[in-house]
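Engineer: Any chance you could fold what I've pasted below:
(one chain, ligands or ions: 1)
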Amino acid sequence: MAYDENNIFAKMLRGEIPVKKIYEDEYALAFPDINPQAPVHVLVIPKFKARNFPEFVQNATNEQIAGFMKAVATVAAQLGLQEDGYRILSNIGKNGGQEVPHLHIHLFAGKVLGPMLCKK
Ligand code: 5GP
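Structural biologist: Numbering: from 1, shown residues only. Purely as a prediction, here's the structure:
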């Protein structure tokens, strides 16, 4: 499937929708999740157009991949999360529960986050 240019994160990257920027560099943009699931819930997205993590790794350059991953760590460091810790997660496709078809890393923090998966 092709990348959907009209997904909400693509519109944010094009400046068509206002974004409360937490961090931005040439590779990535970070902003608070609109529906936070933890005291700190930030989304970090690459500026590269990829629907998900495997497409990003397959199609982006090593520089773009490294730049994005470093941006995720930089966001966490700038938010002062290194000492107490945090969780990063990326949903992929239907079984992953992905809603927005532009790669994004969820960064959760601010409390003990509990089990990795809901035990339903
Ligand atoms: P996914 O389920 O695709 O992994 O996560 C998508 C995330 O994007 C959800 O946590 C949702 O709350 C967040 N989200 C969806 N639309 C918007 C928006 O317009 N602004 C922001 N800041 N977050 C959004």
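Engineer: close to the ligand, is the helix or strand of the chain with the lowest mean pLDDT?
Structural biologist: The helix or strand with the lowest mean pLDDT-type score in the chain, counting by mean pLDDT, DSSP states H and E, is helix 93-96 (a mean of 96). No - under the criterion of C-beta under 6 Å from any ligand atom, helix 93-96 makes no contact with the ligand; the nearest approach is 7.2 Å. Every residue, glycine included, has its C-beta placed from N, CA and C.
Engineer: what's in contact with that helix?
Structural biologist: Contact with helix 93-96 is made by 52, 90, as judged by C-beta atoms under 8 Å, 6 or more residues apart in numbering.
Engineer: which secondary structure elements does the helix or strand following that helix contact?
Structural biologist: Past helix 93-96, heading to the C-terminal end, the next element that is a helix or strand (DSSP states H and E) is strand 105-109. In terms of contacts (3 or more C-beta pairs under 8 Å, 6 or more residues apart in numbering; DSSP states H and E), strand 105-109 is packed against strand 40-46, helix 62-78, strand 87-89.
Engineer: can you give me the angle the second one makes with strand 40-46?
Structural biologist: Our comparison of helix 62-78 with strand 40-46, counting by axes from the mean of the first three to the mean of the last three C-alpha atoms, to 10 degrees, yields an angle of 160 degrees.
Engineer: okay, the angle between helix 62-78 and strand 105-109?
Structural biologist: Following the same axes, to 10 degrees, one obtains 20 degrees for the angle between helix 62-78 and strand 105-109.
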